[in-house]
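Visitor: Whatever this is, show me its structure:
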Amino acid sequence: MVLKTGSELGEVSISNSVISEIAGAVASRCYGVVGMASRNKKDGIVSLLRPDSITKGININIEDNGVVIEVHIIVEYGVNINTICKSIVNRVRYNVENTAGIKVKRVNVRVEGVRVD
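Guide: Presented below is the predicted three-dimensional model:
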């Protein structure tokens, strides 16, 4: 899917993969995040994604000329999950809106697992 915005100067089309790249890069750099997660739909098993596959942990939906971003993460044991999620929501919203120039309706963070070292 592609989100299109326009003005008197022309039209800009932004693909979901661009939004996913921005959101994944921001979320994976937040304190306490071990990495992005992917859930196997067949088995329901969650796996940690390699750093070059961060977009697979992001789902993008377009609603009313804005986007809803769903971020799937694995966190480090011992950190405050609520604080991490709030930080991800604020940072992803800020970076997507300022980089891509589109309205972010919601950022949903799904903690898929905790890594214990």
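Visitor: Okay, and Met36 sits in which element?
Guide: With elements taken from DSSP states H and E, the one containing Met36 is strand 33-39.
Visitor: wait, I meant Arg93
Guide: Here Arg93, judged by DSSP H and E, is contained in helix 81-100.
Visitor: Whatever helix or strand comes next after that helix - contacts with which helices or strands?
Guide: Past helix 81-100, heading to the C-terminal end, the next element that is a helix or strand (DSSP H and E) is strand 104-115. For strand 104-115, the helices and strands in contact under the criterion 3 or more CB pairs under 8 Å, 6 or more residues apart in numbering; DSSP states H and E are strand 33-39, strand 46-48, strand 66-76, helix 81-100. C-beta here means a position set from N, CA and C on the backbone, and glycine is covered the same way.
Visitor: Ok, which of those comes nearest Ser15?
Guide: With respect to Ser15, and counting by CB to CB, the nearest of the helices and strands packed on strand 104-115 is helix 81-100 at 10.2 Å.
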